[in-house]
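[1] okay, predicted coordinates and the sequence, questions at the end:
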Amino acid sequence: MDRLENIINRVKLPDYAIGQEAQRRLDSLTKPQGSLGRLEDIAKQLCIIRGGAAKLAQPKPAAAVFAADHGVAAGGVSAYPQEVTQQMIYNFLAGGAGINVLCRQAGADVWVIDVGVAGDMSQAQGLIQAKVAHGTADMTKGPVMTMNQALDAIVVGAQTAQRLIEKGYDLLIPGEMGIGNTTPCSAITAVICGLRPEQVMGRGTGVDDAGLSRKLAALKTALDVNKPDPANPLEVLCKVGGLEIAAMCGYILEAAARGVPVMLDGFISTTAALVAGGLCPTAIDYCFSGHGSVEIGHRAQLEKLGLRPILTLEMRLGEGTGAAVAMNVLRAAVAIYSEMATFAEAGVTGH
Ligand SMILES: Cc1cc2ncn([C@H]3O[C@H](COP(=O)(O)O)[C@@H](O)[C@H]3O)c2cc1C
Ligand SMILES: O=C(O)c1cccnc1
């Protein structure tokens, strides 16, 4: 527990007074006041997080893709088999996955971490080896992991954030790969948002109606068997979570502790934010929501966290892809804030 406390205690509320200074600069730029809409809000929030209202530098972003497997996948809750997790890791390492393409396009680097893949990945070149367990247990039978494993995975995420920040990255994207992981995310969301499984559960990779019924039954059984306490996010994680979800939670917390902004992706990474926010509400002040996922539970998560997605592109891939696309908008926000002429500079009459 000390390991977690050590991270959470370092998360400080950003200085919101900086927002007023940033607003003055935004209002001095050659445009009708407020006319760049949410680009202005994004620039202002970035100033607040970075702790200064002077011109913003373009970020150097990295995506960390945490990979893990899930015992519940054996119950036919995904449209794809478990081995796809491993196969996709090789695809990430070869640069051919959606996250690779979209990060290249957005000027972000991709790092891949094995935090809990079922198979042996020790020979995979370029993979960060941090396996806590060979997948989780089946949530329909009892807790998916021990408290120690959850804390280990949180620390893997926190150390990843630390290393990336030390390498010079100043904006972090949480990404993931784990066949079956929309099921634990639905369970966590139902518990923390106080909703029924059917209100937060979707088709994930595209399960058919029979798969959807199995998913609903698995969720109901898992919640019945485990009875997670909504007031105890760590317990929720141990009972119905996942290793990559725990790792992303630690990654978000450590980024916040270091004053580094986080661009969340969709339903899976926002589940990790839900847990992080339960442990440390201030961590969410450092988070942007990149996009609104097709998974219905994402809406409830965003409402609970008080976040508005930057984009709505009907995406439902995960990996960090929606966050990568949203980086282009964040770059636009930084550019207008830093590069537009003021009324005084351009000799344009203000009001
Ligand atoms: C080829 C492929 C690439 C993916 N990349 C992300 N996911 C996404 O789908 C999975 C969650 O959906 P479910 O709970 O239905 O299994 C996660 O691995 C998520 O990252 C993928 C899924 C597949 C099949
Ligand atoms: O929004 C997501 O993160 C998501 C949705 C479906 C499948 N995998 C990921």
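    Arrived safely. Numbering: from 1, shown residues only. Ligands and ions are numbered 1, 2, ... in the order given.
[2] when you work out contacts or count neighbours from here on, use the C-alpha atoms and nothing else.
    OK.
[3] show me the helices in the stretch 101-250 of the chain, by range?
    Counting by DSSP state H, counting those that start in this stretch, one finds helices in the stretch 101-250 of the chain at the ranges 147-166, 182-193, 197-200, 209-226, 233-240, 243-257.
[4] of all those, which one is nearest Val112?
    helix 147-166 (10.0 Å; Cα to Cα).
[5] compute the inter-axis angle for that closest one and helix 243-257.
    50 degrees (axes from the mean of the first three to the mean of the last three Cα atoms, to 10 degrees).
[6] next up, the contacts around Gly95.
    Applying Cα atoms under 8 Å, 6 or more residues apart in numbering, we find Gly95 in contact with Val101.
[7] try it again with 10 Å
    Contact analysis of Gly95 by Cα atoms under 10 Å, 6 or more residues apart in numbering lists 89, 101, 104, 110.
[8] and the pLDDT for it?
    The score at Gly95 is 98. That number is its pLDDT.
[9] same check, this time on Ala187
    99.
[10] quick check: the gap between Gln199 and Leu219.
    Gln199 sits 12 Å away from Leu219, going by Cα to Cα, to the nearest Å.
[11] need the overlap of contacts for those two.
    With Cα under 10 Å, 6+ apart, Gln199 and Leu219 have common neighbours 186, 190.
[12] neighbour-wise, which of these two wins?
    Leu219 (27 against 14; other Cα atoms under 10 Å).
[13] I'd say that one and Thr183 touch.
    Yes: assessed by Cα atoms under 10 Å, Leu219 is found in contact with Thr183 at 7.1 Å.
[14] close to ligand 2: what parts of this structure are there?
    Within reach of ligand 2 by Cα under 6 Å from any ligand atom, the chain has these residues: 204-205, 266-268, 293, 295, 316-318.
[15] and those residues near ligand 1, which?
    Among these, proximity to ligand 1 is found for 204-205, 317-318 (Cα under 6 Å from any ligand atom).
[16] redo the residues you listed as TSV? Include distance to Asn148, neighbour count and pLDDT.
    What follows is those, written out as TSV (distance: Cα to Cα, whole Å; neighbours: other Cα atoms under 10 Å; pLDDT from 0 to 100):
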residue	distance to Asn148	neighbour count	pLDDT
Gly204	29	22	98
Thr205	30	18	98
Leu317	30	21	98
Gly318	27	25	98
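[17] can you list which of these are found in strands?
    Members of these lying in strands (criterion: DSSP state E): none.
[18] which one of the residues you listed sits closest to Leu307?
    Of all these, Leu307 sits closest to Gly318, with 17.9 Å by Cα to Cα.
[19] which residue does the stretch 251-351 of the chain have closest to ligand 1?
    Closest residue of the stretch 251-351 of the chain to ligand 1, Cα to the nearest ligand atom: Gly318 (4.4 Å).
[20] the residue most central in space within the chain: which element?
    In the chain, the residue lying closest to the centroid (Cα atoms, centre = their mean) is Ser269, at 3.1 Å. Applying DSSP states H and E as the criterion places Ser269 in helix 267-279.
[21] mind giving me the packing neighbours of that helix?
    Contacts defined by 3 or more Cα pairs under 10 Å, 6 or more residues apart in numbering; DSSP states H and E place helix 267-279 against helix 2-8, strand 171-177, helix 182-193, helix 233-240, helix 243-257, strand 262-264, strand 287-291, helix 297-305.
[22] and the chain, which residues reach ligand 1?
    The chain has residues 78-80, 176-183, 204-205, 317-319 near ligand 1, with proximity defined as Cα under 6 Å from any ligand atom.
[23] can you rerun that using 8 Å?
    Applying Cα under 8 Å from any ligand atom, we find that the chain lies next to ligand 1 at 73, 77-81, 84-85, 88, 97-98, 175-183, 203-207, 268, 316-319.
[24] could I have the buried ones of those residues as PyMOL selection syntax?
    Listed next is the PyMOL selection for buried residues among those, using 16 or more other Cα atoms under 10 Å:
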select buried, resi 73+77+78+79+85+88+97+98+175+176+177+178+179+180+181+182+183+203+204+205+207+268+316+317+318+319
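[25] sorry, back to before: sitting in strands, which of the contacts of Gly95 do you find?
    Those of the contacts of Gly95 mapping onto strands are Val110, per DSSP E.
[26] top of the contacts of Gly95 by neighbour count?
    Among the contacts of Gly95, the one with the most neighbours (other Cα under 10 Å) is Ile89, at 24 neighbours.
[27] I figured it hits Ala67, correct?
    Yes: under the criterion of Cα under 10 Å, Ile89 makes contact with Ala67 at 7.7 Å.
[28] shared neighbours of the two, anything?
    Counting by Cα under 10 Å, 6+ apart, the residues touching both Ile89 and Ala67 are 112-114, 117, 177-178.
[29] how does this protein divide into domains?
    Annotated domains of the chain cover 1-57+335-346, 62-329 [the TED database].
[30] how about the helix holding Ser269: buried residues?
    Residues of helix 267-279 classed as buried by neighbour count (16+ other Cα under 10 Å): 267-279.
[31] what's the answer for stretch 114-130, then?
    114-118, 121, 127-130.
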